[in-house]
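*Asks:* Fold the following, please.
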Amino acid sequence: MTTLVLSHESYLTHDTGSHHPECPDRLRSVLKALDQSALSGLVREDAPRATIAEISRAHPGAYADQILAVIPQAGLARLDADTVISPGSGEAMLRAAGAAVRAVDAVAKGEASNAFCAVRPPGHHAESNRAMGFCLVNNAAVGALHARAAHGHQRVAVIDFDVHHGNGTQEMFWKDPEAFYASTHQFPFYPGTGSRRERGAHGNVVNVPLGEGDRGDVFRGGFTDEILPALTAFKPDFILISAGFDAHKDDPLGQLRLTENDFAWATASLMDVARNVCGGRVVSVLEGGYNLDALADCVTAHVETLKSRP
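*Replies:* The predicted structure follows:
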């Protein structure tokens, strides 16, 4: 059994303009890191396009078609102050969601032990009817709801350790008693959601806000004391990770002080829960991370852990 890595060259054509932190060089840095000899043995696939029907499980109605309809023929356009689209953005969006779908298929069918989706644009800020915060489609939520619809894994969980709270995933899962969302994130901070009081309509949301300057001991404590017990009690059939690495101490967009070892520890902890409750079914989807060197180091630690702990 192996770790599957999904990516696609179209992600590099999602142009966000000069000086935008969510840039193509992020993916180049990730792919270069994944080419290291220490990570030999990974199985690579090009991500397919998600269908509109697959995206519609997370984004009902004509949402995806509406995004595709406003993709510019040339130049750049903005969906909000932070979220830039270009002629290549539609294809990248479809294949970012498609990576999560294919990864879930591979793990559900036993073709891979687990999977990492090296994608852009990221997804966890995208709400059911709104793109925001660099995100067009909520890739992790699309993957989770595909696990339910296509493979009968009814109880799905997304665990998010990006420095920013995944307001989109929380909004999509809020009223769904068989969907679980948990997040560590800097708070108060963009996008303004993620307080402890936000628990979901069925107690199915766990937020662990971290303060500016918090280090790995606080992060690990929140995981150990709150997220891991709640996740175990929920007993998911499938776990997805919203793997943002902008909580790293060197990231320019956040003020937490985590290291790559903290992300490796969190990954191993989630895999241990998965092994105990859902046959090890884990798919990870890239979210944030904007210092290129730190991002490369964190992805390496994360994928090495996926690969070494099937």
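
*Asks:* and stretch 10-23, what's its mean pLDDT?
*Replies:* Across stretch 10-23, pLDDT averages out at 98.

*Asks:* residues in contact with it?
*Replies:* Stretch 10-23 is contacted from outside by 24, 27-28, 76, 84-89, 91-93, 95-96, 118-122, 134, 252-253, 288, 290, using C-beta atoms under 8 Å, 6 or more residues apart in numbering. Just so you know, the C-beta spots here come from the backbone N, C-alpha and C atoms, and that holds for glycine as well.

*Asks:* Okay, and the most centrally placed residue in the chain sits in which element?
*Replies:* Centroid-nearest residue in the chain: residue 242, 2.6 Å away (criterion: C-alpha atoms, centre = their mean). Residue 242 belongs to strand 238-243 when assigned by DSSP states H and E.

*Asks:* Mind checking which of the contacts of stretch 10-23 are buried?
*Replies:* Buried by 16 or more other C-beta atoms under 10 Å: 24, 27, 84-89, 91-93, 95-96, 118-122, 134, 253, 288, 290, out of those.

*Asks:* Give me the contacts around stretch 301-310.
*Replies:* With C-beta under 8 Å, 6+ apart, stretch 301-310 has contacts from 1-3, 5, 34, 38-39, 41-42, 113-116, 243, 245, 260-261, 263-264, 267-268, 271-272, 280, 282, 284.

*Asks:* ok, 6 Å please
*Replies:* Residues outside stretch 301-310 that contact it (C-beta atoms under 6 Å, 6 or more residues apart in numbering): 1, 3, 113, 114, 116, 260, 263, 264, 267, 268, 271.

*Asks:* Name the nearest residue to the first one, ignoring sequence neighbours.
*Replies:* When you say that, I think you mean residue 1. residue 113 (4.0 Å; C-beta to C-beta, 6 or more residues apart in numbering).

*Asks:* Equivalent analysis for the fourth one, please.
*Replies:* Counting by C-beta to C-beta, 6+ apart, residue 114 lies nearest to residue 282, which is 4.4 Å off, once chain neighbours are set aside.

*Asks:* Quick one: residues contacting that neighbour.
*Replies:* Counted by C-beta under 6 Å, 6+ apart, residue 282 has contacts 114, 239, 271, 274.

*Asks:* now the longest strand along the chain against strand 238-243, angle please.
*Replies:* Longest among the strand segments of the chain by residue count, using DSSP state E, is strand 179-186. Interaxial angle, strand 179-186 versus strand 238-243 (axes from the mean of the first three to the mean of the last three C-alpha atoms, to 10 degrees): 20 degrees.

*Asks:* avg pLDDT for strand 179-186?
*Replies:* So the average pLDDT for strand 179-186 ends up being 98.

*Asks:* Mind listing residues that contact it?
*Replies:* With C-beta under 6 Å, 6+ apart, strand 179-186 has contacts from 156-161, 163-166, 169-170, 173, 194, 204-208, 210, 219, 222, 227, 234, 254, 256.

*Asks:* Among those residues, which ones are in helices?
*Replies:* 169, 170, 173, 219, 222, 234 (DSSP state H).

*Asks:* number of nearby residues for the closest residue to residue 109 other than its chain neighbours?
*Replies:* Nearest non-adjacent residue to residue 109, counting by C-beta to C-beta, 6+ apart: residue 151, 8.0 Å away. The burial count assigned to residue 151 is 16, neighbours taken as other C-beta atoms under 10 Å.

*Asks:* quick one on the thing from earlier: export the ones in helices among the contacts of strand 179-186 as JSON lines, with columns for distance to residue 138.
*Replies:* Formatted as JSON lines, these follow (distance: C-beta to C-beta, whole Å):
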{"residue": "169", "distance to residue 138": "6"}
{"residue": "170", "distance to residue 138": "10"}
{"residue": "173", "distance to residue 138": "10"}
{"residue": "219", "distance to residue 138": "23"}
{"residue": "222", "distance to residue 138": "23"}
{"residue": "234", "distance to residue 138": "20"}
